[in-house]
Every structure is written in structure tokens, then in C-alpha cells.
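Peer 1: Turn this into a structure:
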Amino acid sequence: MPVPAAAVFERLRTFSAVNASKDHDERAITEVFTGNTLGTVPVGTAADVEAAVVRARVAQAGWAARSAEERAEVFERYRALVVENREYLMDVVQAETGKARWAAQEEIMGLIFAARYFARVAPKLLAPHSVPGAFPLLNRASVRTVPKGVVGVIAPWNYPMLLSVGDSIPAMLAGNAVVVKPDSQTPYSSLANAELFARAGVPKDLFQVVPGPGTVVGTAIVEQADYLMFTGSSATGRTLAEQCGRRLIGFSAELGGKNPMIVTRGADLDKAAKAAVRACFSNAGQLCISIERMYVEQSVVAEFTQKFVDAVKAAKLGAAYDFSADIGSLISESQLETVAKHVADAVSKGAKVLAGGNARPDLGPLFFEPTVLSDVTDAMECGRNETFGPLVSIYPVADVEEAITRANDTEYGLNASVWAGSKAEGERIAERLHAGTVNVDEGYAPAWGTTGAPMGGMGISGVGRRHGTDGLLKFTEPQTVVVTRFMNLDAPAFLPQDKWQPLLMTIARSIRFLPGR
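Peer 2: Residues are numbered from 1 along each chain as shown. Model prediction:
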């Protein structure tokens with residue numbers, strides 16, 4: 001399948017919230033596989049963000065007035081459009097990111113899962129519900145959800161469709177408008193979905209995409225949004241959290257990871273080795289939840305290492321708009337430089353390259369071989385720091401206790417993978433790991449794809465959760481309304497305070513509160 005035609009990208013740029021008729025700079029977006037220009041997009045300014053937020057607030061008022069059921073119907077239509085246009089959407093993602101097609105399909109499946117789950121649960125979760133009042137006969141209490149208003153989404157380049165749109169779906173279902181700042185390298189992934197949203201019936205100006213630099217567009221969104229969702233590095237997450245804290249607005253973030261895999265004796269080593277290739281090298285390792293550290297029991301480390309290295313060497317690295325390649329390209333020169341630097345540093349300090357280790361300019365400008373290292377120490381750049389590329393290290397451990405201790409010896413806590421002799425043993429190990437998600441007998445995809453369960457990080461890997469009930473309700477404010485009936489808490493005219501207050505205490509002590517929702 002070829003890269004989409006230039007006319008496609010020219011059409012998509014019209015869905016940008018930036019008014020290109022004004023005097024704006026233009027940014028060329030390149031096809032990662034070749035370095036050729038796909039098209040250009042206007043570069044947004046702080047004024048563009050301000051105008052987008054003003055329009056979004058107008059659109060949001062009418063949208064919030066609709067019932068949750070009506071909003072859900074819109075996203076059911078959107079889901080159908082994603083299914084119908086899945087090949088085209090994968091083409092766009094691949095062109096912008098250079099990832100293999102199966103990794104691009106992960107994004108499409110994620111959108112389908114998100115739209116299906118949140119459209120199904122939103123009407124019930126957003127409905128007002130009753131709770132026992134302080135004095136049940138006198139008080140009738142209810143809790144309702146109120147949209148935050150305008151939600152800002154600052155999205156990364158590695159999964160640019162899923163991590164911009166996937167978070168926007170629950171935000172809009174909750175009654176909010178959304179202003180997205182896509183990464184400057186990958187705006188078309190968000191714009192392609194803006195087009196599908198419009199076709200599904202999302203009101204004009206409810207979902208707005210403002211491409212531009214983070215220091216300008218991102219900062220303006222933080223200064224004007226009512227809530228911020230961010231996916232990116234832990235360092236940037238800290239800065240944004242501080243900025244949101246000064247404004248006292250809500251903030252949720254999925255940040256970095258240095259994710260471990262544990263392999264014990266008794267595990268199915270063939271399955272573990274094969275699945276580990278996906279777990280480590282999906283999107284060329286440019287994935288917050290991919291595996292970068294492997295702790296393997298000493299008794300099986302040699303056998304597992306050989307099986308894993310063989311599987312890595314057999315993986316096909318290449319540029320293809322079909323499913324013929326197993327691993328795609330890195331996205332930028334800076335990513336290529338980081339990976340090369342981490343490998344060179346490790347080797348210079350005594351690490352051994354078991355597979356890969358080289359750039360592959362013969363395949364494209366930004367390809368790097370999937371790389372496996374042994375004898376890695378904390379003195380090396382890749383020892384404790386996230387590489388965010390096709391690089392993984394194998395560490396032999398004496399037993400499961402050492403594996404758990406070393407897996408938890410990190411500031412991060414995003415994802416982990418466990419391969420053990422039985423499912424029960426795997427679960428017991430999983431429960432002791434300091435990570436927001438743990439996959440037993442898989443790498444990362446099942447936990448991510450379980451949209452009904454919360455997904456996020458511990459430690460410096462994140463704040464808050466996407467997916468699950470939290471992934472919807474975090475975009476709302478709970479409001480409690482209590483109606484007092486019959487009489488209020490003032491003493492009746494016929495009863496003095498010194499009689500009324502003890503009586504009030506007696507009533508309070510006798511109440512048996514019923515559980516809320």
C-alpha cells in the first residue's frame with residue numbers, strides 16, 4: 001500500500017484550528033521512511049489557542065446540554081467510521097511515525113476499544129445518583145457530574161492517534177470540549193480524526209487541533225484549559241504539573257518507564273522469547289510501556305537468551321505499508337542519536353552486544369537494529385535511564401526474590417511483564433511489583449487493551465489514570481445537592497436549645513447509614 005497522496009494531507013490541514021489565511025509559519029511534515037515531504041501545516045500561536053478556547057467554550061455549552069445517551073450515539077458512529085477507514089488511518093500513522101503496520105493497527109484497535117467502552121458506560125456513570133443524607137428523613141441527597149469545561153490534551157509523537165484522540169473521547173463524552181496540541185512531527189494523525197469526528201456528528205469547534213511548539217501552544221493551553229491530559233516524559237510532566245498547580249486545575253499524565261520483564265524457571269521459554277520481541281520492540285521500542293530490562297533466573301538464562309536473540313535476529317526490519325515488516329523506523333534524528341549513544345556508552349564500559357547494535361541507513365534514514373545487551377551496569381547510560389528505543393538488557397538473577405527486588409529498584413513504575421511456571425505463580429509475582437499495570441504471560445498489550453481497567457503509572461511514571469471509570473470521571477466535577485424537607489436544623493419554636501441539641505445528638509447517634517453508590 002503506498003503512502004497517501006498529497007491531496008489527502010492538503011485536505012487534512014483544513015481541519016486545523018489554526019487560521020492559515022493569516023500570516024503563519026508553515027511546518028513541513030515528512031514521511032519517516034524516506035524523508036520526503038508529506039505536506040505542510042500552519043504553526044499555531046498563543047493567539048490561535050486563545051481563539052480556539054473561546055470557540056470551544058461556546059460549543060461546549062450546547063454539547064453539555066445534550067444527554068449522555070445522545071453523546072454516546074455520536075461516538076458509536078465515530079467508532080464505525082474508524083472501522084470503515086482503518087486502512088487509511090494506518091497509512092497516515094505509518095507515514096508520520098515510521099512504525100510497522102501491526103504497531104499502527106494497535107492504535108486503531110485502541111480507538112475502537114475506547115469509543116466502544118466509554119460510549120457504553122458513560123450514560124450510567126454520568127447519571128445523577130442518590131446517597132443517604134445526613135438525616136435520612138430530613139435530607140434527600142444526590143450527586144451529579146459536571147463537565148470540567150475545556151480539556152487540554154498535549155499528545156506525543158510515538159502513538160499520535162491513540163494518545164491524542166483516545167483521551168479526547170472520554171473527555172467529550174463527559175460533556176467537555178477538547179483542544180489538542182499534537183506533537184509537531186505528527187499533526188495529521190489528530191487531524192484525520194478531527195475529520196472523522198465531524199462526519200460522526202461531533203459539533204463544530206468541540207474538538208480542535210492546534211499544531212505548534214510546546215513552548216508556545218502547549219503553554220497557552222495550560223494557561224487557559226480547565227483540565228490537562230499529558231503523555232510524555234517525566235521531566236516535562238513535572239513542569240506541567242507545577243504549572244497546573246499554580247492555576248489549581250486538574251492534571252493527569254502518563255509519563256516515562258523503564259519497564260521490567262521477569263522470566264522464571266518453569267516458564268515457557270519459547271513463548272516468552274517470541275512475545276518479548278513485540279514487548280521490547282513495538283514501534284521500534286518508542287513506547288512508554290515497552291520492556292527495557294529483563295531479569296531471568298540463572299538456571300534458564302542461557303537458554304532463554306539464546307531463544308530471544310534468535311527471535312530478534314529473525315525479526316524483519318523494514319519500511320512497508322503492509323504487514324511484511326516486524327519492526328519499523330525510529331521517528332527522528334534525535335531518537336537515532338540517543339539510541340546510538342546509549343549502545344556506544346554501554347559497549348565502551350563493558351557491555352556485550354548479543355544482537356543488533358547498528359544503524360541501518362540502507363533501509364531508510366532513521367532505522368536502527370533491535371539491540372540486545374548483556375553485562376549492563378548502573379554506570380551505563382542505559383542502566384537506569386529510559387532509552388525509548390530498540391534496546392533491551394538481560395540480567396541473570398539468582399531467584400525470584402532477586403528478580404522482584406531488582407525490578408522494583410527504579411523511580412519508574414509504569415508497566416511490567418511476568419513469565420513464570422504457572423499462572424498462579426505469575427500473579428503472585430505481579431502483586432509484588434511496583435507498576436501500574438502488570439501483564440502475566442504477555443508484554444503490555446492486554447493490560448493496555450483492557451479499557452475497563454485503569455491504566456497509568458506509579459512513582460515518576462504518572463499521575464492519575466486513563467481507562468476505566470477514572471478515565472471518564474476525572475474529566476468531571478462531582479456536585480452534591482442536598483434538599484432539606486419538613487424542617488431544618490434550627491430548634492423548633494416549642495423546644496429550647498438546651499433540649500434540642502441533646503436530642504439532635506441522640507438522633508445522630510441512632511442513625512445507621514446506608515452505603516452510597
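Peer 1: What strand or helix carries the residue nearest the centre of the chain?
Peer 2: Residue closest to the average C-alpha location in the chain (CA atoms, centre = their mean): residue 163, at 5.1 Å. When elements are assigned from DSSP states H and E, residue 163 belongs to helix 162-173.
Peer 1: The helix or strand containing residue 438 packs against which elements?
Peer 2: Taking DSSP H and E as the definition, one finds residue 438 inside strand 437-440. Judged by 3 or more CB pairs under 8 Å, 6 or more residues apart in numbering; DSSP states H and E, strand 437-440 is in contact with strand 415-419, helix 423-430, helix 445-449. Using the backbone N, CA and C atoms, a C-beta is placed for each residue, glycine as well.
Peer 1: Other residues contacting that strand?
Peer 2: Residues from elsewhere that reach strand 437-440 (CB atoms under 8 Å, 6 or more residues apart in numbering): 289, 414-420, 423, 426-427, 430, 444-448, 455.
Peer 1: Give me the helices and strands touching the helix holding residue 163, please.
Peer 2: Judged by 3+ CB pairs under 8 Å, 6+ apart, the packing partners of helix 162-173 are helix 68-84, helix 101-126, strand 150-154, strand 177-181, helix 187-200, strand 227-231, helix 468-473.
Peer 1: which residues does the nearest residue to residue 76 once chain neighbours are set aside contact?
Peer 2: Nearest residue to residue 76 in three dimensions, chain neighbours excluded: residue 119, at 5.3 Å (CB to CB, 6 or more residues apart in numbering). Residue 119 sits next to 72-73, 75-76, 79, 173 when contact means CB under 8 Å, 6+ apart.
Peer 1: Closest to residue 317 out of those residues?
Peer 2: Lowest distance from residue 317 to the contacts of residue 119 (CB to CB) belongs to residue 79, with 33.1 Å.
Peer 1: Please name the nearest non-neighbouring residue to that closest one.
Peer 2: Nearest non-adjacent residue to residue 79, counting by CB to CB, 6+ apart: residue 115, 3.8 Å away.
Peer 1: what sits against that neighbour?
Peer 2: 75-76, 78-79, 82, 169.
Peer 1: Please state the offset of the strand holding residue 438 from the chain centre?
Peer 2: Distance of strand 437-440 from its chain centroid, counting by CA atoms, centre = their mean, to the nearest Å, is 16 Å.
Peer 1: And stretch 264-283, by the same measure?
Peer 2: When distances are taken as CA atoms, centre = their mean, stretch 264-283 is centred 23 Å away from the chain's centroid.
Peer 1: In terms of secondary structure, what does the host helix or strand of residue 271 contact?
Peer 2: Here residue 271, judged by DSSP H and E, is contained in helix 269-281. Helices and strands touching helix 269-281, by 3+ CB pairs under 8 Å, 6+ apart, are strand 259-263, strand 291-297, helix 298-314, strand 391-397, strand 415-419.
Peer 1: To residue 87, which of the ones you listed lies closest?
Peer 2: helix 298-314 (27.1 Å).
Peer 1: next SSE after that closest one?
Peer 2: Downstream of helix 298-314, the next assigned helix or strand under DSSP H and E is helix 333-348.
Peer 1: Could you check how far the helix or strand just after that next one is from the centre of its chain?
Peer 2: Next helix or strand after helix 333-348 toward the C-terminus (DSSP H and E): strand 352-355. With CA atoms, centre = their mean as the basis, strand 352-355 stands 31 Å off its chain's centre.
Peer 1: Other residues contacting whichever helix or strand comes after strand 352-355?
Peer 2: As assigned by DSSP H and E, the chain's next helix or strand after strand 352-355 is strand 371-374. The contact list for strand 371-374, computed with CB under 8 Å, 6+ apart, reads 305, 308-309, 312, 339, 343, 346, 351-357, 382, 390-394.
Peer 1: Can you select the buried ones from these in PyMOL?
Peer 2: Selection of buried members from the contacts of strand 371-374 for PyMOL, criterion 16 or more other CB atoms under 10 Å:
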select buried, resi 305+308+309+312+339+343+346+351+354+355+356+357+382+390+391+392+393+394
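Peer 1: end-to-end on stretch 384-398?
Peer 2: End-to-end span of stretch 384-398 (CA to CA, to the nearest Å): 20 Å.
Peer 1: what separates that stretch from the chain centre, distance-wise?
Peer 2: With CA atoms, centre = their mean, you get 22 Å for stretch 384-398.
Peer 1: now do stretch 366-382
Peer 2: How far stretch 366-382 lies from its chain's middle: 25 Å, per CA atoms, centre = their mean.
Peer 1: Using PDB, write down the CA coordinates of that stretch.
Peer 2: The C-alpha coordinates for stretch 366-382 follow below in PDB (Å, rounded to 0.1, in the frame of the first residue of the first chain):
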ATOM      1  CA  LEU A 366      16.300   6.500  10.700                       C
ATOM      2  CA  PHE A 367      16.500   2.700  11.100                       C
ATOM      3  CA  PHE A 368      18.300   1.100  13.900                       C
ATOM      4  CA  GLU A 369      18.600  -2.600  14.500                       C
ATOM      5  CA  PRO A 370      16.800  -4.200  17.500                       C
ATOM      6  CA  THR A 371      19.500  -4.500  20.100                       C
ATOM      7  CA  VAL A 372      20.100  -6.900  23.000                       C
ATOM      8  CA  LEU A 373      22.800  -6.200  25.600                       C
ATOM      9  CA  SER A 374      24.300  -8.200  28.500                       C
ATOM     10  CA  ASP A 375      26.600  -7.200  31.300                       C
ATOM     11  CA  VAL A 376      24.900  -3.800  31.700                       C
ATOM     12  CA  THR A 377      25.600  -1.900  34.900                       C
ATOM     13  CA  ASP A 378      24.100   1.200  36.500                       C
ATOM     14  CA  ALA A 379      27.200   3.100  35.500                       C
ATOM     15  CA  MET A 380      26.000   3.000  31.900                       C
ATOM     16  CA  GLU A 381      23.500   5.500  30.400                       C
ATOM     17  CA  CYS A 382      21.000   2.700  29.600                       C
END
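Peer 1: For it, give the mean pLDDT please.
Peer 2: Averaged across stretch 366-382, the pLDDT comes to 98.
Peer 1: got it, and stretch 31-39?
Peer 2: For stretch 31-39, mean pLDDT is 96.
Peer 1: can I get the CA coordinates of that stretch in CSV?
Peer 2: Only the C-alpha atoms of stretch 31-39 are listed here, as CSV (Å, rounded to 0.1, in the frame of the first residue of the first chain):
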residue,chain,number,x,y,z
GLU,A,31,7.4,10.7,5.7
VAL,A,32,9.7,9.0,8.1
PHE,A,33,10.6,6.0,5.9
THR,A,34,12.0,8.3,3.2
GLY,A,35,12.4,11.8,4.5
ASN,A,36,10.1,13.1,1.7
THR,A,37,7.6,15.8,2.5
LEU,A,38,4.0,14.7,3.0
GLY,A,39,2.6,18.2,3.3
